[in-house]
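Student: I'd like to go over a predicted model; first the sequence, then the structure.
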Amino acid sequence: KNSVLVKQGDNGSTFFVITGGSVEVVHEAQSGVEAQLAVLGAKDCFGETALIEDVPRTATVRGLTAGTALTIDRAHFEQATREHQGNDLVALIRGANLLRHAPVFSSLSPEALLQVLTEMKRETLPAGTRVITKGDVGDLFYVVMEGELAVSDGDPASATTSLHPGDPFGEIALLADVPRMATVDTKTAATVLTLSREAFFRFFKQHLAVGEKLERVAEQRMHEVKAA
C-alpha cells in the first residue's frame, strides 16, 4: 500500500500487469495539484506508453492497497512486440488476462489464449448500441472486454440480465443453429471481442473442454429463455 510503482516524469523501463490489489493513476499539474485519472485492479495493465512511444512517464501510479504485479522489462517488451508484429501487444495482454479469469476459458494454456485472441476482433461501442437483435441470424460469438450490456426480449429498459467483462454471449445461435434468442444492448460504453462462426467452430473443436463449458452455458441460457 502507498508504494509508487511509476513516477510521473521518470524514464520508463517496465510494463506492469496487476494480479492482486488496486492502484491509482494520478497526474500532477504544474501547480502541484494532483488529479486521480483512474483506479486499476486485477487484470489491468499499465506502463506501455513510455515503452511504445519512448517518452517520460505521463502519470504516477501508486498502490491503493497491498497487492502484486507482474513486470516485463523494456528489452523483453520490445522482443515480444517484434515477435507479435501486426498485433496490438497490450490488447493481447489485456485480453489474455480477461479470458484466463473467465470460467469458460480458465483452463486454456497461454498458447491457446494467444491463438484465440489473434483471431478475435475488438470493437468499442458507445452506450445504447444494439449489438444483437432477437430473431436475426447469428454469425459472431462475443466476449465482453469492458463495460456492461443488457440482455432483453427487445426492450433494454425491461432487461433482467446483465453481461460484464469476461462474459461470453451469442453462442446459442451458433451451437444450436437457430436465430438469435435475445436482444443485447450496451448499457455503458463497452468493448467486445468477436469471433467469426468459422473460427468459433475451428477453435472449440481443438479445445473440447472449453466447448463443453460453453455448451453448458448455452443450455442454461436456453432454459432461462424458455422459462421466461
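Tutor: Cool, the structure landed.
Student: and the longest helix along the chain, what other elements does it pack with?
Tutor: Identified as the longest helix of the chain according to DSSP state H is helix 208-227. Contacts defined by 3 or more Cβ pairs under 8 Å, 6 or more residues apart in numbering; DSSP states H and E place helix 208-227 against helix 171-176, helix 197-206. The way it works is simple: take the backbone N, C-alpha and C, and place the C-beta from them, glycine included.
Student: Mind checking the pLDDT average for the longest one?
Tutor: The predicted model assigns helix 197-206 a mean pLDDT of 90.
Student: Now for residue 26: which residues touch it?
Tutor: 8, 34-37, 59-62 (Cβ atoms under 8 Å, 6 or more residues apart in numbering).
Student: So which of the residues you listed is the closest to residue 145?
Tutor: The closest of those to residue 145 turns out to be residue 37 (Cβ to Cβ; 19.9 Å).
Student: The closest one and residue 59 touch, don't they?
Tutor: Yes. Between residue 37 and residue 59 there is a contact under Cβ atoms under 8 Å: 6.0 Å.
Student: quick one: which of those two has more around it?
Tutor: Ranked by neighbour count (other Cβ atoms under 10 Å), residue 37 and residue 59 place residue 59 first, with 20 against 14.
Student: hmm, back to that, so which of the contacts of residue 26 belong to helices?
Tutor: Nothing among those maps onto helices, per DSSP H.
Student: Please convert these to CSV, extending it with distance to residue 181 and pLDDT.
Tutor: Shown next, in CSV, are these (distance: Cβ to Cβ, whole Å; pLDDT from 0 to 100):
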residue, distance to residue 181, pLDDT
8, 49, 94
34, 49, 89
35, 45, 92
36, 42, 92
37, 40, 90
59, 44, 92
60, 48, 95
61, 43, 96
62, 46, 96
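Student: in the sheet, who's paired with residue 195?
Tutor: Per DSSP bridges, the residues bridged to residue 195 are residue 141.
Student: if I look at it, how far off is residue 22?
Tutor: 30 Å (Cβ to Cβ, to the nearest Å).
Student: and of the helices and strands packed on helix 208-227, who's closest to residue 130?
Tutor: Short answer: helix 171-176, nearest of these by Cβ to Cβ, at 15.4 Å.
Student: I appreciate the help and will end here.
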